[in-house]
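Trainee: From the sequence below, what's the structure:
(4 chains)
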There are 2 protein chains.
Amino acid sequence: MRKDALHNRERLLRAARRLFADRGLDVPLEEIARTAGVSIGTLYNRFPTRETLVAAVFEDRVATVAELAEQALAADDAWEGFVAFLTGVCELQAADLGYNEIVARGATTGTDTGYAVMLRIVAQAQERGALRDDVTLEDLAFVLWGIAATVRATFRIAPGAWRRHLALTLDGLRAGSAHPLPAPPLSPDQARAAMNDCP
Amino acid sequence: MRKDALHNRERLLRAARRLFADRGLDVPLEEIARTAGVSIGTLYNRFPTRETLVAAVFEDRVATVAELAEQALAADDAWEGFVAFLTGVCELQAADLGYNEIVARGATTGTDTGYAVMLRIVAQAQERGALRDDVTLEDLAFVLWGIAATVRATFRIAPGAWRRHLALTLDGLRAGSAHPLPAPPLSPDQARAAMNDCP
DNA sequence: CTCAAATTTGAGGAGAGCCTCAACTTATGC
DNA sequence: GCATAAGTTGAGGCTCTCCTCAAATTTGAG
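Mentor: I've put the predicted structure just below:
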């Protein structure tokens, strides 16, 4: 790749990172190009679709979440680890509206490795008697999804307000507070499908 | 109002009711007019803005929710009443994607009477020791908001799946399972603002 | 320095929706 | 019936965003 091309790529990523974080994933591509000081044509040269650009911008988050997961699994107290993981994911969302929308569109459960790690977190927390036995990873995904809505809503007005919502939800997830659940859990495929073509 | 005008108004409302329920509030107005067998100009004659149309279509829901609230307040078991109210609101959403989006845009907390009634439900459930003392109506609005996301996602694929999410959440709201909350609650105005200009 | 390959550029076509308004049609009181 | 106010119509202008492509420019190997 030629050096000017690489340079423009960097400028585009910087601009996109900033705009996605502040205004979400639906910023007009033309605006990203303008902010980067580059023409719309160049943007399309480097990133043929919006999706490729989004993927490039949020590439690093995959590693960050994996790291959070490792820490959760290594924690002495299973419940603390579990809470720290969920809190960490929410903090990522609270720091970046774009990442929030990625979660809100179900991309989290999309990656296979991410899925596997989260399964282990749930399993460990349940084995150690911290997390109620009847929840599945899919339940958790929806619960987290709901909190994502609160994170997004309070993004500007009251950063940190989502911590209350998370705390309330966690109190319902503790092993001690379990009451019978009224319906069978969703299969992984069903959950993925539901989140991906959410109206 | 002339009789043909009234007739067209009815046809428009019928079409809008159906399309909003199936596809949400963002259906193109031209499509509503076409479905109603009427021109776009007529739609604009009857309903100058999308908002007036939406308001007319969902007018009846206000009464329905008030009724649910009355039943909740009259219940013998305070917790049962509280649960029935939340369940009822979710069922309304599950039956109508348009109403789901209205809730998801925070219009529920908008009406003053609705607000007052919900305050009474919360207060009563807390006085009778069923609902944990540290939650506010605003907390509840966000929680319900989160569940609305699940209702919307599972709308087609797994109707009823949201009942699990609601049940988990309720287990966190019971008086018995309360652990300290990490942040101060939002004021009513803050909550309203957060929901109304949610990015 | 030269030139071909790589890259950039931005005007413009395409599609979706919103909304208006001047010309036409219909209901209704007299 | 008739006049007229009320109502309907839909083509067309407007805005926004996406995306393409032929012409102009830049890079870097030889």
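
Trainee: Just checking stretch A:138-152 against chain B, any contact.
Mentor: Yes - using CB under 8 Å from any CB of the partner chain, stretch A:138-152 reaches chain B at A:139, A:142-143, A:145-150, A:152. In short, each C-beta sits where N, CA and C put it, glycine included.

Trainee: how about JSON lines for those residues, with neighbour count and pLDDT added?
Mentor: As requested, the residues of stretch A:138-152 next to chain B are exported to JSON lines (neighbours: other CB atoms under 10 Å in any protein chain shown; pLDDT from 0 to 100):
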{"residue": "A:139", "neighbour count": "23", "pLDDT": "95"}
{"residue": "A:142", "neighbour count": "26", "pLDDT": "93"}
{"residue": "A:143", "neighbour count": "25", "pLDDT": "94"}
{"residue": "A:145", "neighbour count": "25", "pLDDT": "91"}
{"residue": "A:146", "neighbour count": "27", "pLDDT": "94"}
{"residue": "A:147", "neighbour count": "26", "pLDDT": "95"}
{"residue": "A:148", "neighbour count": "25", "pLDDT": "94"}
{"residue": "A:149", "neighbour count": "23", "pLDDT": "92"}
{"residue": "A:150", "neighbour count": "30", "pLDDT": "94"}
{"residue": "A:152", "neighbour count": "21", "pLDDT": "93"}
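
Trainee: And these, which is closest to DNA strand D?
Mentor: Proximity of the residues of stretch A:138-152 next to chain B to DNA strand D, judged by CB to the nearest atom of the strand, is greatest for residue A:152, which lies at 19.0 Å.

Trainee: ok so the closest one is a helix residue?
Mentor: Yes - assessed with DSSP: H, G, I helix; E, B strand; the rest coil, residue A:152 lies in a helix.

Trainee: ok, how many other residues are close to the closest residue to it other than its chain neighbours?
Mentor: Excluding the flanking residues, the one nearest residue A:152 by CB to CB, 6 or more residues apart in numbering or on different chains is residue A:100, at 5.2 Å. Counted by other CB atoms under 10 Å in any protein chain shown, the residues lying close to residue A:100 total 24.

Trainee: so what's residue A:100 up against?
Mentor: A:24, A:93-94, A:148, A:151-152, A:155 (CB atoms under 8 Å, 6 or more residues apart in numbering or on different chains).

Trainee: Which members of those occur in strands, if any?
Mentor: Judged by DSSP state E, strands contain none of these.

Trainee: Between the two ends of stretch A:41-54, what distance do you get?
Mentor: 17 Å (CA to CA, to the nearest Å).

Trainee: is DNA strand D contacted by it?
Mentor: Yes - remark: stretch A:41-54 sits within contact range of DNA strand D at A:41, A:44, A:48-50, by CB under 7 Å from any atom of the strand.

Trainee: Return the residues in contact with the closest residue to residue A:74 other than its chain neighbours.
Mentor: Leaving aside its sequence neighbours, residue A:74 sits nearest to residue A:81 (CB to CB, 6+ apart; 7.3 Å). Residues counted as contacts of residue A:81 (CB under 8 Å, 6+ apart) are A:71-75, A:121, A:124-125.

Trainee: rerun at 10 Å
Mentor: Neighbouring residues of residue A:81 by CB atoms under 10 Å, 6 or more residues apart in numbering or on different chains: A:68-69, A:71-75, A:121, A:124-125, A:128, A:130.

Trainee: in the strand or helix carrying it, what counts as buried?
Mentor: Under the criterion of DSSP states H and E, residue A:81 resides in helix A:78-95. Under the neighbour-count criterion of 16 or more other CB atoms under 10 Å in any protein chain shown, helix A:78-95 has A:78-79, A:81-83, A:85-90, A:92-94 buried.

Trainee: could the residues of stretch A:41-54 next to DNA strand D be laid out in JSON lines, adding pLDDT, secondary structure and neighbour count?
Mentor: Shown next, in JSON lines, are the residues of stretch A:41-54 next to DNA strand D (pLDDT from 0 to 100; DSSP: H, G, I helix; E, B strand; the rest coil; neighbours: other CB atoms under 10 Å in any protein chain shown):
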{"residue": "A:41", "pLDDT": "98", "secondary structure": "helix", "neighbour count": "8"}
{"residue": "A:44", "pLDDT": "98", "secondary structure": "helix", "neighbour count": "13"}
{"residue": "A:48", "pLDDT": "97", "secondary structure": "coil", "neighbour count": "10"}
{"residue": "A:49", "pLDDT": "97", "secondary structure": "coil", "neighbour count": "10"}
{"residue": "A:50", "pLDDT": "97", "secondary structure": "helix", "neighbour count": "15"}
